[in-house]
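Asker: just need the structure, nothing else, for what follows:
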Amino acid sequence: MLVIRESDFESALSQQVQIQTSAAPATPPAATSEQTTNSVVIRISSFDANRWTYLNDRRLRSSIASRVATYCGGHLMDCQIQTGGTASFTEANVQRTSTATPSDAGGNSVDYSFYVKYPSGETPIIQYILASVVKIELNAMQSVSTLFFSLQTSFQPPPPTMPNSDQSNNTIGIKIRNQQANQWHGIQDNQLRVVIATQIASYCTSTLVTCGVTSDQVSFDSSHVTRIESSPVQDGDNVTYTFFVNYPSGNGAIQRNLLAGILTAQTGAIETATRLDISVETSILAATSPVASSDQSSKAINVSATNIQANQWSAVQDNKFRGYVAQAIAEYCRESVSQTHECELPTNQASFTTSHVQLVPGSPIQDGGDVNIQFYVDYPGGGTMSQAILLLIINQKQASIATNTGLQLTLDTTIVIPIGLPPNNTDSAIIVILKNFQADQWSPRDAVFRQNMAEEISAFCNMSTYHRDICNISDADVNGFTSDHIRRLPNSPTQNGTDSILSFYAVLPSGSGSLPSTILATIFTSQQDKIFSVNSELEDPADSISTPALTPTQTQNRVAITIFNLKSGKVNTLVVVDIRVTVAAKMNLFCFSTPGDVCGLTVI
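Answerer: Predicted structure coming up:
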């Protein structure tokens with residue numbers, strides 16, 4: 001220790017003194033390549049490298065360790081110390097990179113290279129984090145060490161990964177006031193990205209549909225927030241910080257205007273957590289809708305909202321509207337087998353998401369005090385949902401969509417029900433009771449019902465030769481049915497208490513008459529779940545059975561059978577034919593395999 005007070009010692013003894021024992025600092029441990037890579041250099045002013053002593057070295061390392069411990073103890077995450085870890089750094093954790101340091105930097109200055117390893121092992125603090133801590137604690141370190149020095153190693157965050165085209169197209173900018181770009185350090189960058197991720201997660205957890213995520217896809221963290229390499233950029237007294245955010249699920253980047261809307265909503269919380277004065281610079285208005293094909297446009301429907309302005313239609317509102325429409329469609333199409341068929345979906349494939357609901361370009365449009373929103377829906381597996389089906393579903397789910405989106409919605413698109421062409425064939429019509437159904441709600445269902453009924457007639461008659469015999473019509477007629485051949489009687493359906501009465505018939509495509517009512521009723525009862533989802537039944541189940549007149553002898557020889565697990569309303573011509581064929585087969589087997597003429601048959 002005498003070496004640092006050599007001149008004072010000489011004065012006290014009144015003679016020149018030369019210290020023989022070396023006062024040089026102890027040889028540092030051999031640094032690993034990782035430790036060397038993550039070392040930091042400070043430049044100490046007004047100091048000669050030849051006068052660097054053990055005590056100088058120890059005092060400096062002690063001051064660095066003390067301030068690193070102080071900072072990291074209060075900011076474990078910034079220093080990448082896991083919860084429960086320790087920040088009890090000592091001078092032993094601070095080491096010179098080699099005996100070559102400090103080195104002469106000219107101008108009576110020296111460069112001192114060191115690294116700091118975590119208390120629990122040999123792993124060093126990452127360079128940019130250590131440099132950031134030194135920058136933050138620089139004045140305190142100088143005060144404790146009684147040395148004046150400056151940081152030579154960059155404290156800026158490491159270069160981010162290069163964005164792909166999707167990420168580049170979805171960057172947003174925030175303005176940070178009273179900030180210098182050249183003073184932006186790695187810890188500050190990490191802190192901001194952590195807070196942004198936390199606030200996105202907080203927002204999306206409570207608005208899953210708007211964000212287009214599920215509850216297991218909101219685990220945003222700083223790794224999902226990536227700045228652009230040139231960011232931040234100085235802009236007067238402020239800086240602009242540009243970045244994008246990836247979905248944790250790996251489904252690309254959050255759309256830029258939606259991200260801007262989310263962060264605008266969370267600005268207050270971000271400012272509180274970071275102590276930065278920020279504002280979002282990117283527009284929060286909805287992006288332009290993708291170009292719609294003529295098929296998509298022709299299948300769009302229109303709703304109007306009264307409590308919003310078209311020029312205020314934000315990306316958040318857009319995602320919320322499209323998301324809840326998609327959710328309503330998915331719910332409707334999954335509620336029952338008949339509704340899945342109504343939606344023209346394969347079983348269990350109602351995976352509609354926000355991306356499947358699109359506004360027609362140019363929508364929404366201001367119309368006086370209302371805003372008109374025109375949209376279409378694509379199927380997850382390809383193709384576009386028909387206007388009739390979409391109208392039917394939105395008519396049923398309008399209230400829930402309005403509640404979830406906060407929009408006061410009115411369904412504007414209507415489908416004109418075609419008037420049945422004369423003559424009205426009442427003899428071939430069947431009467432169906434629609435349970436707990438309002439007749440004035442039939443309009444959205446009409447086109448879907450007639451289309452499904454026509455398809456099921458063709459499907460039924462084509463099932464087998466057996467079914468073709470029951471239908472008893474030509475191939476041209478079987479394969480020619482369209483919705484135009486399904487015709488309701490005038491003013492049908494009509495209200496009857498809480499139920500409605502629907503009367504309809506099917507004309508043959510050839511124009512040679514109508515499908516017999518018994519056959520039409522048989523097909524309806526057999527394929528009912530595929531025709532529509534309304535709870536319904538034939539007014540008179542006997543309409544589906546052709547009953548010939550019996551002779552007295554035939555009446556006297558009738559046999560009653562019991563059919564289990566079948567409602568009387570489902571006993572139709574198909575069932576009757578099944579019974580007749582089965583009985584005939586059993587009679588043949590019995591009569592021709594039993595000895596004697598027990599059946600009283602005359603064999604010629």
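Asker: going by C-alpha atoms from here, please, whenever you check contacts or count neighbours.
Answerer: Fine.
Asker: can you get me the start-to-end distance on stretch 478-498?
Answerer: 36 Å (C-alpha to C-alpha, to the nearest Å).
Asker: list the buried ones in it?
Answerer: For stretch 478-498, a neighbour-count test (16 or more other C-alpha atoms under 10 Å) marks 478-489, 492-495 as buried.
Asker: same thing with stretch 181-191?
Answerer: Buried, per 16+ other C-alpha under 10 Å, within stretch 181-191: A181, W184, H185, G186, I187, Q188, D189, N190, Q191.
Asker: next: stretch 370-389.
Answerer: In stretch 370-389, counting by 16+ other C-alpha under 10 Å, buried: 370-379, 384-389.
Asker: got it, and stretch 41-58?
Answerer: 41-45, 47-49, 52-58.
Asker: for that stretch, measure first residue to last.
Answerer: 16 Å.
Asker: distance from the chain centre to it, please.
Answerer: 58 Å (C-alpha atoms, centre = their mean, to the nearest Å).
Asker: out of the buried residues of stretch 41-58, list just those in strands.
Answerer: Using DSSP state E, the members of these that fall in strands are V41, I42, R43, I44, S45.
Asker: tell me the one among those residues nearest to L601.
Answerer: V41 (115.3 Å; C-alpha to C-alpha).
Asker: mind listing what the closest one touches?
Answerer: D111, Y112, S113, F114, L151, Q152, T153 (C-alpha atoms under 8 Å, 6 or more residues apart in numbering).
Asker: and the last one, how far from A260?
Answerer: Relative to A260, T153 is positioned 34 Å away (C-alpha to C-alpha).
Asker: quick one on the thing from earlier: now tabulate the buried residues of stretch 181-191 in TSV and tack on distance to S297 and pLDDT.
Answerer: Shown next, in TSV, are those (distance: C-alpha to C-alpha, whole Å; pLDDT from 0 to 100):
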residue	distance to S297	pLDDT
A181	48	95
W184	50	95
H185	51	94
G186	50	93
I187	51	94
Q188	49	94
D189	46	95
N190	46	94
Q191	46	94
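Asker: from those residues, pick the one nearest Q35.
Answerer: Closest to Q35, out of all of the buried residues of stretch 181-191 and judged by C-alpha to C-alpha, is G186, at 18.5 Å.
Asker: is it true that that closest one touches P159?
Answerer: No. If you go by C-alpha atoms under 8 Å, G186 and P159 don't touch, sitting 10.3 Å apart.
Asker: okay but T83 is in contact with G73, surely?
Answerer: No. When contacts are counted by C-alpha under 8 Å, T83 is not listed as touching G73 (10.9 Å).
Asker: who's more crowded, the two?
Answerer: Ranked by neighbour count (other C-alpha atoms under 10 Å), T83 and G73 place G73 first, with 18 against 8.
Asker: is the more buried one in a helix, a strand, or coil?
Answerer: Assigned with DSSP: H, G, I helix; E, B strand; the rest coil, G73 falls in the helix class.
Asker: do the same with the one 10 residues further on
Answerer: The three-state assignment at T83 reads coil, by three-state DSSP.
Asker: from L130, how far out is the spatially closest residue to P157 that is not a sequence neighbour?
Answerer: Spatial nearest neighbour of P157, excluding adjacent residues (C-alpha to C-alpha, 6 or more residues apart in numbering): G186 at 3.9 Å. Distance, G186 to L130, using C-alpha to C-alpha: 9 Å.
Asker: list the residues that contact both of these two?
Answerer: Common neighbours of G186 and L130 (C-alpha under 8 Å, 6+ apart) are F155.
Asker: ok, back up a step: which of the buried residues of stretch 370-389 sit farthest apart?
Answerer: Between all members of those, the farthest pair (by C-alpha to C-alpha) comes out as D370 and Y379, at 29.0 Å.
Asker: make sure Y112 is actually in contact with S103.
Answerer: Yes. The pair Y112 / S103 is scored as a contact, 6.7 Å apart, by C-alpha under 8 Å.
Asker: and these two? Which one has more around it.
Answerer: Neighbours per residue (other C-alpha under 10 Å) separate Y112 from S103, with Y112 holding more: 26 against 17.
Asker: need the contact list for the more buried one.
Answerer: V41, I42, R43, I44, R96, T101, P102, S103.
Asker: narrow the buried residues of stretch 370-389 to those in helices?
Answerer: Secondary structure from DSSP state H places Q387, A388, I389 of the buried residues of stretch 370-389 in helices.
Asker: so the first one touches A300, yeah?
Answerer: Yes. In this structure Q387 lies within contact range of A300 using C-alpha under 8 Å: 6.1 Å.
Asker: so V239, which state does it fall into?
Answerer: strand.
Asker: now do the helices in the stretch 401-550 of the chain.
Answerer: 443-461, 465-471, 475-478, 517-526, 528-531 (DSSP state H, counting those that start in this stretch).
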